[in-house]
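In: Structure for the following, please:
(chains A and B)
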Number of protein chains: 2
Amino acid sequence: MGPLVPRDIAAPIAHGGDLAVARKLFPAAPEPFVDLSTGINPFPYPLPPLDPAVFARLPEPAAVGRLAAIAAAAYGAPSAAHVVAAPGLQMLLPLVAALARPGRAAVLGPTYAEHARVAALAGHDVGEVTALHDLVGADLAVVVNPNNPDGRVVARTALLVLADRLAPGLVVVDEAFMDVGPIDGSLAPDATRPNLVVLRSFGKFFGLAGVRLGFAFAAPAITARLRAALGPWAVSGPALAIGAAALADAGWIGQTRERLAAAAQRLDALLVKAGLDIAGGTALFRLVRTPAAAELFDQLGRAGIFVRRFPEQPTWLRFGLPGEPPQWQRLANVLAAFRPPSPNG
Amino acid sequence: MGPLVPRDIAAPIAHGGDLAVARKLFPAAPEPFVDLSTGINPFPYPLPPLDPAVFARLPEPAAVGRLAAIAAAAYGAPSAAHVVAAPGLQMLLPLVAALARPGRAAVLGPTYAEHARVAALAGHDVGEVTALHDLVGADLAVVVNPNNPDGRVVARTALLVLADRLAPGLVVVDEAFMDVGPIDGSLAPDATRPNLVVLRSFGKFFGLAGVRLGFAFAAPAITARLRAALGPWAVSGPALAIGAAALADAGWIGQTRERLAAAAQRLDALLVKAGLDIAGGTALFRLVRTPAAAELFDQLGRAGIFVRRFPEQPTWLRFGLPGEPPQWQRLANVLAAFRPPSPNG
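Out: Residues are numbered from 1 along each chain as shown, chains lettered A, B, ... in the order given. You can find the predicted model right below:
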């Protein structure tokens, strides 16, 4: 390859939401599958009418600026200059990892596996740590907050202390699930700090993951670099229009927080009734820990319900929220019939 | 900034398609503006009905694979393994420039300015050359083919010879306008070569630039690296659905080539009748060279027609194709009234 950069590319990481995998594992399952393998709101924001021009024309800088201003207000960032919009939070991850000179990256884990992958891709030496204070000393520290899949929340004040101690090391706070996190838990208002990047996902809370929209909040010196790396027209016309409508709809946002909290409680009740331990989660997913995880995954799958398992954590299953009543009914039926194997059995 | 990579970020480059600029320059112009400042087909592919699930769900790997197979067939690439789909061709440019170890990048110019910008961002020492043979010796060589804005076409065989001579240096062929280029002019079928990346734009020919969809064609060792850099879910659900429908529609594609060729001839006739020299172009745009470029830009703008000017080339104007009859009429009226200043003043 000569001057091509020689670099080992790890195999792609398997994620939730791939029903082709479910159908291959459970070919006789009833269709349509109930997909609980992601943490995406099953009650999507109602799509606004879309002008055909948003598909036809190049997205205009003015529309990007409007969305940035709306996002700053919705997420509590200092200003539109502190906002970068991207075609999905995922697309920002390699760019953010590349902001820090190749060095030691530390990820608070176990967590979303893409952070370690993209840090390695950016040339960092990557390690996973399990305690916040073990991030100190890293050139790049990543905290998913609330964490996926266990819902662990790190207090905003603790993260600000971390940023102070790590400076000039870069602290990345992935708030993909903060829409359903603690009030005042977000660090978006702190995006003035010179060594902090806060990430938000649009698609999860708004139930529109196919739109591909995500945000970074950071000091203008950092947002300028992320914008330069993304280049012009990063966000699609439909995403600009849908994002601007949804993020300005404070009524829907408030109602949806309540609706998701209620749905998560209902899910908890089903899981507990089935004798399962809830190890954590957010209002968009619950993490179950059970020695019978493999059997439960299998029973759910044969009934046409796809949940998320974790190859490295064989006792874990993550449940997203069912949406329509028949989905709840199907889940209730499987869980009611499920008996965890007795400890000595 | 400490370990943050210190890097000069050039100011964003101004591009066509920004009507806020037009309105600022010509606040009294009649609305709606006729936007001829891009090279985008004004007759968009008719949007297929979109299942709400394409907005709601994470785009599935199976849908990405389907689109890659359809794109390979439509563009003549060897197989789906030689295809990378991205949210717009533009998004691929920095990733492609970063495939080559920082070295000497040469861009055949004058051309689309983003190539030089992203090569510099990737750490290359970038120069513009004006003859194909001057690309020899570069670690990264970029040819836009057909070229934007002058329509210059480099023969496929000449580019293959260049790739042989440059190996292991990387040759990037940006075929954003090849849909209206010469038959058999594309290097997509040659994407088996180890040091070649071919780029295609979906939005220009299909008139759907807001969708954000573009492709790279290359050997699987390269496509794997581009996919790793893009990460999962790079392309939106609507883009996957629209792209798959449009690229499989050979009838529409054939008719559109003819329709655009006819529209470009009609545009030529108007320009020639106005005494303007056509310096080149493709069926999606025409480049006019005139000492009266500034006056013409101004007269068009005041009449609500926005064309593309080039700060470094003050005698150039690029005209995209008008769409509906009133747009043609407005352009015809301005051009009929336009008198180039006589050479002696």
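
In: pLDDT weak spots in chain A?
Out: A:1-8, A:340-345 (pLDDT under 70).

In: any chance you could map the helices in it?
Out: A:19-25, A:52-56, A:61-75, A:89-97, A:114-121, A:156-166, A:220-230, A:237-247, A:250-273, A:293-302, A:325-337 (DSSP state H).

In: right, so of those helices, which gets closest to B:Ser37?
Out: helix A:61-75 (13.1 Å; Cβ to Cβ). To be clear about C-beta, it is placed using only N, CA and C from the backbone, and glycine gets the same treatment.

In: From the chain's centroid, how far away is the closest one?
Out: 21 Å (Cα atoms, centre = their mean, to the nearest Å).

In: contacts for that helix?
Out: A:77-80, A:82-85, A:186, A:188, A:200, A:215, A:217, A:232, A:235, A:237, A:240-241, A:243-244, A:247-248, A:250, A:253, B:18, B:20 (Cβ atoms under 8 Å, 6 or more residues apart in numbering or on different chains).

In: The helices of chain A into TSV, with extra columns for mean neighbour count?
Out: Output for the helices of chain A, formatted as TSV (neighbours: other Cβ atoms under 10 Å in any protein chain shown):
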stretch	mean neighbour count
helix A:19-25	16
helix A:52-56	19
helix A:61-75	20
helix A:89-97	25
helix A:114-121	22
helix A:156-166	16
helix A:220-230	20
helix A:237-247	25
helix A:250-273	15
helix A:293-302	18
helix A:325-337	15
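
In: Roughly how far does the residue lying closest to A:Ala303 once chain neighbours are set aside sit from chain B?
Out: Nearest non-adjacent residue to A:Ala303, counting by Cβ to Cβ, 6 or more residues apart in numbering or on different chains: A:Val334, 4.7 Å away. Counting by Cβ to the nearest Cβ, to the nearest Å, the separation of A:Val334 from chain B is 22 Å.

In: need the contact list for A:Val334.
Out: A:299-300, A:303, A:305.

In: ok, back up a step: save the helices of chain A as CSV, and put in distance to B:Leu140 too.
Out: What follows is the helices of chain A, written out as CSV (distance: least, Cβ to Cβ, whole Å):
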stretch, distance to B:Leu140
helix A:19-25, 37
helix A:52-56, 33
helix A:61-75, 28
helix A:89-97, 20
helix A:114-121, 20
helix A:156-166, 35
helix A:220-230, 17
helix A:237-247, 31
helix A:250-273, 46
helix A:293-302, 47
helix A:325-337, 51
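
In: For A:Leu284, which of those is the nearest?
Out: helix A:250-273 (6.3 Å).

In: Just give me how far the closest one sits from the chain centre.
Out: 18 Å.

In: can you check stretch A:55-66 too?
Out: Taking mean C-alpha positions (Cα atoms, centre = their mean), stretch A:55-66 and its chain are 25 Å apart.

In: And it, end to end?
Out: 18 Å (Cα to Cα, to the nearest Å).

In: same thing with stretch A:135-144?
Out: 13 Å.

In: can you check stretch A:200-217 too?
Out: 8 Å.

In: right, is it up against chain B?
Out: Yes: using Cβ under 8 Å from any Cβ of the partner chain, we find that stretch A:200-217 touches chain B at A:203, A:207-212.

In: Tell me, how many residues neighbour A:Gly137?
Out: 12 (other Cβ atoms under 10 Å in any protein chain shown).

In: residues in the stretch 101-250 of chain A within reach of chain B, list them.
Out: Counting by Cβ under 8 Å from any Cβ, the stretch 101-250 of chain A sits next to chain B at A:101, A:103, A:114, A:118, A:121, A:139-140, A:167-170, A:194-195, A:203, A:207-212, A:221-222, A:224-225, A:227-239, A:242.

In: With adjacent residues omitted, what lies nearest to A:Gly231?
Out: B:Gln90 (4.9 Å).

In: From B:His115, how far off is the one you found?
Out: From B:Gln90 across to B:His115, the span is 11 Å (Cβ to Cβ, to the nearest Å).
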